[in-house]
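Student: Sharing a model that was predicted from the sequence below.
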Amino acid sequence: PKYILEPVACGLNLIHQELPRIQQILDKNHPRVLILGSGFLSYIAYKSLYRLSAGKHVSIDVIGHSNKKLWENNGVRLLDAPNQRYDLIIDLVDNNIAISGKHSKPNCLIIIGTDKKSLAFVKFEELLWNACTIVFPSPRNIFFIESMKLAEKLITNETISVDYFWTRSYNRDTQWQKAFEDSLNRKL
């Protein structure tokens, strides 16, 4: 359905806006990737990274507590906290873990794909010392149309399943409570 294309495209845009740099990271010797969050965008970003890293020795850690069954069905055990330093961090949570500098390897790429509702405290000396790059992908960039086209293709050929997520459109301003109620009552 059309209404699911935009959120899928947002998840794809996280990766595809920085695709050359991400591909360079994935081509390294045993790169480590961290996805902060286990929601819908995280799932789409994971599936994209998994597809891009096929045949390579890439480690992808996912931190989160939601959608456990979905992640388990994809062979991913959700972690409670980062346990390494990472070459690529995709931040889809409302905390400062990604920008703390504690988990960044030299030349780390940090993609921040969510609002920070609280003040963000950054330890710049670690990020600067490690030559980290922080990017903020936006659906208002030229890559988003390509992400929409790719979303349609991946959903149509069932490369990405949206069965675990909302199955109808909701007005985010007036129907968010109904969306969550429907989601909680959904049969898996």
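Tutor: Structure's in. What do you need?
Student: C-alpha from now on. contacts and neighbour counts both.
Tutor: OK.
Student: Okay, strands next: where are they in this structure?
Tutor: Listed in chain order, the strands of the chain (DSSP state E) span 32-36, 59-63, 86-91, 104-112, 133-135.
Student: List the strands paired with the shortest one, with their directions.
Tutor: In the sheet containing strand 133-135, the strands it pairs with under DSSP bridges are strand 104-112 (parallel).
Student: Using CSV, write down the CA coordinates of the strand it pairs with.
Tutor: Taking Å, rounded to 0.1, in the frame of the first residue of the first chain, the C-alpha atoms of strand 104-112 are listed here in CSV:
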residue,chain,number,x,y,z
SER,A,104,33.3,5.3,18.0
LYS,A,105,36.2,3.8,16.1
PRO,A,106,38.5,6.2,14.2
ASN,A,107,36.8,7.5,11.0
CYS,A,108,33.4,6.4,12.4
LEU,A,109,30.3,7.5,10.5
ILE,A,110,27.4,8.4,12.8
ILE,A,111,24.0,8.8,11.1
ILE,A,112,21.4,10.5,13.4
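Student: pLDDT of stretch 64-76, averaged?
Tutor: Stretch 64-76 shows a mean pLDDT of 87 in the predicted model.
Student: swap in stretch 111-127?
Tutor: Here stretch 111-127 scores 76 as its mean pLDDT.
Student: Let me see the contact set for the residue nearest the centre of the chain.
Tutor: Closest residue to the average C-alpha location of the chain: residue 42 at 3.3 Å, with C-alpha atoms, centre = their mean. Residues near residue 42 by C-alpha atoms under 8 Å, 6 or more residues apart in numbering: 11, 35-36, 92.
Student: Need the max-distance pair from those.
Tutor: 11 and 36 (13.1 Å; C-alpha to C-alpha).
Student: what's the nearest residue to residue 71 if we skip its chain neighbours?
Tutor: The shortest distance from residue 71 to any non-neighbouring residue, by C-alpha to C-alpha, 6 or more residues apart in numbering, is to residue 77 (6.7 Å).
Student: Just give me the neighbour total for the one you found.
Tutor: Neighbour count for residue 77, taken as other C-alpha atoms under 10 Å: 15.
Student: For it, what are phi and psi?
Tutor: With angles defined as degrees, to the nearest 10, residue 77 sits at phi -100, psi 120.
Student: Pretty sure residue 70 is one of the things it touches, is it not?
Tutor: No: look at residue 77 against residue 70 with C-alpha atoms under 8 Å: they stay out of range, at 10.2 Å.
Student: Identify the contacts common to those two.
Tutor: Overlap of the contact sets of residue 77 and residue 70 (by C-alpha under 8 Å, 6+ apart) is empty.
Student: if we can go back for a sec, what separation is there between the residue nearest to the centre of the chain and residue 49?
Tutor: 10 Å (C-alpha to C-alpha, to the nearest Å).
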